[in-house]
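Visitor: Sequence and predicted model, in that order:
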Amino acid sequence: MALRLDGRQLAAELENRLRSVISQGLGRAGRPPGLAVLRVGDDSASGVYVANKAKACARVGLHSRVQHFRADSAPAELLAAITALNRDPAVDGILLQLPLPTGLEEAPLLAAIDPAKDADGLHTLNLGRLLKGEPGPRSCTPAGVMALLARHGIEASGRRAVVVGRSILVGQPMALMLQAADATVSVAHSRTRELAALTRQAEILVVAAGRPRLLGAEHVSPAAVVVDVGIHRTAGGLCGDVRFEEVEPLASAITPVPGGVGPMTVTMLLVNTVVSWWQRTEAEAGGQGSLDHPLADLLP
Ligand code: NAP
């Protein structure tokens, strides 16, 4: 029976740690960390995600505010809102909830977010920092996967890792983080031939293809660690990109869906925001402008 990589449990542990970091810095900062979430349109899944993020902020002691825009909002209106948040001293993190409604381009809006307040770690500058191994906010989902592996003592160093998916949101930063942890990494995508032959080489297999139940027993070698990033609402309930019931008996460790990667994504959003708050308020208090902070082990 595979070890369950329980994201809910680790998220709860990290929330305790965040509460303690906030109480440590509150005296100096004089205010709690602040996260602003921009939601555009009425996509119901996005509505649930935004509500979950606001609840997590409240549990940990971050001040969150959600700005909800109509689906037909002009890009200029969204840019103006981002500019105002960039200037707002009480805002440490800004999150643009994706996907945006059809017709609105993500790239110029993500680029307008102050990189120091980039709660999702998706700004070009921060992706470049990840590529170069420089500190900065990290993409939440892959950083959450790395935290789950570390928490369960799963070493990436020297191991063969395969990432299925090459999106900027998940697959690409995941591959970079595994490589930074000294894994030997391959990335598969929709044009990959003989996917099963490749994924069977993986000692650590991360699946972020966005295809319900794409991978099964034939894709997994015995004792592999399997991380399922996918999440899909189907008539039969929530499922991932992995056929859990087939893969669990083979794997040495596996993430459940739900309760695996999802809760970690939300927690890492809080981590990025609390780190930004720590650094910004330390600089305001006349500190050395040091990049040091007490959560460095969580930003790979
Ligand atoms: P995405 O932008 O649609 O990217 C999917 C990637 O998978 C693409 O690179 C695509 O290849 C590749 N792919 C698609 N079909 C494939 C196939 N048959 N074989 C191999 N590769 C294939 O999706 P995403 O944003 O990365 O998200 C992936 C999944 O994770 C989704 O289910 C999403 O809902 C979920 N997600 C979960 C969380 C969480 O917190 N749990 C967070 C973010 C995303 P091409 O590049 O060739 O098109």
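Guide: Arrived safely.

Visitor: which parts of the chain sit against the ligand?
Guide: Taking CB under 6 Å from any ligand atom as the contact definition, the chain meets the ligand at 141, 164-167, 169-171, 188-192, 195, 208-211, 214, 229-232, 261-262, 265. C-beta here means a position set from N, CA and C on the backbone, and glycine is covered the same way.

Visitor: now do 5 Å
Guide: 141, 165-167, 169-170, 189-190, 208-211, 229-231, 261-262, 265 (CB under 5 Å from any ligand atom).

Visitor: Throw together a PyMOL command that grabs the buried residues out of those residues.
Guide: To isolate the buried members of these in PyMOL, using 16 or more other CB atoms under 10 Å:
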select buried, resi 141+165+166+169+170+208+209+210+229+230+231+261+262+265
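
Visitor: how about the helices in the protein?
Guide: 7-29, 44-60, 75-87, 106-112, 124-132, 140-151, 171-180, 195-199, 244-247, 261-284 (DSSP state H).

Visitor: now the longest one: mean pLDDT?
Guide: Same thing as helix 261-284. Average pLDDT, helix 261-284: 96.

Visitor: Alpha carbons of that helix, as PDB, please.
Guide: The C-alpha trace of helix 261-284 is given here as PDB (Å, rounded to 0.1, in the frame of the first residue of the first chain):
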ATOM      1  CA  VAL A 261      -1.700  19.000  -4.200                       C
ATOM      2  CA  GLY A 262      -4.700  21.300  -4.100                       C
ATOM      3  CA  PRO A 263      -4.400  22.400  -0.500                       C
ATOM      4  CA  MET A 264      -0.700  22.900  -0.900                       C
ATOM      5  CA  THR A 265      -1.300  25.400  -3.800                       C
ATOM      6  CA  VAL A 266      -3.400  27.600  -1.500                       C
ATOM      7  CA  THR A 267      -0.800  27.400   1.300                       C
ATOM      8  CA  MET A 268       2.100  28.400  -1.000                       C
ATOM      9  CA  LEU A 269       0.100  31.400  -2.000                       C
ATOM     10  CA  LEU A 270       0.000  32.400   1.700                       C
ATOM     11  CA  VAL A 271       3.700  31.700   2.000                       C
ATOM     12  CA  ASN A 272       4.600  34.000  -0.900                       C
ATOM     13  CA  THR A 273       2.500  36.700   0.600                       C
ATOM     14  CA  VAL A 274       3.900  36.400   4.100                       C
ATOM     15  CA  VAL A 275       7.400  36.400   2.700                       C
ATOM     16  CA  SER A 276       6.700  39.600   0.700                       C
ATOM     17  CA  TRP A 277       5.200  41.200   3.900                       C
ATOM     18  CA  TRP A 278       8.200  40.200   6.000                       C
ATOM     19  CA  GLN A 279      10.700  41.600   3.500                       C
ATOM     20  CA  ARG A 280       8.800  44.800   2.700                       C
ATOM     21  CA  THR A 281       8.100  45.700   6.300                       C
ATOM     22  CA  GLU A 282      11.600  44.900   7.300                       C
ATOM     23  CA  ALA A 283      12.900  47.300   4.600                       C
ATOM     24  CA  GLU A 284      10.300  49.900   5.800                       C
END
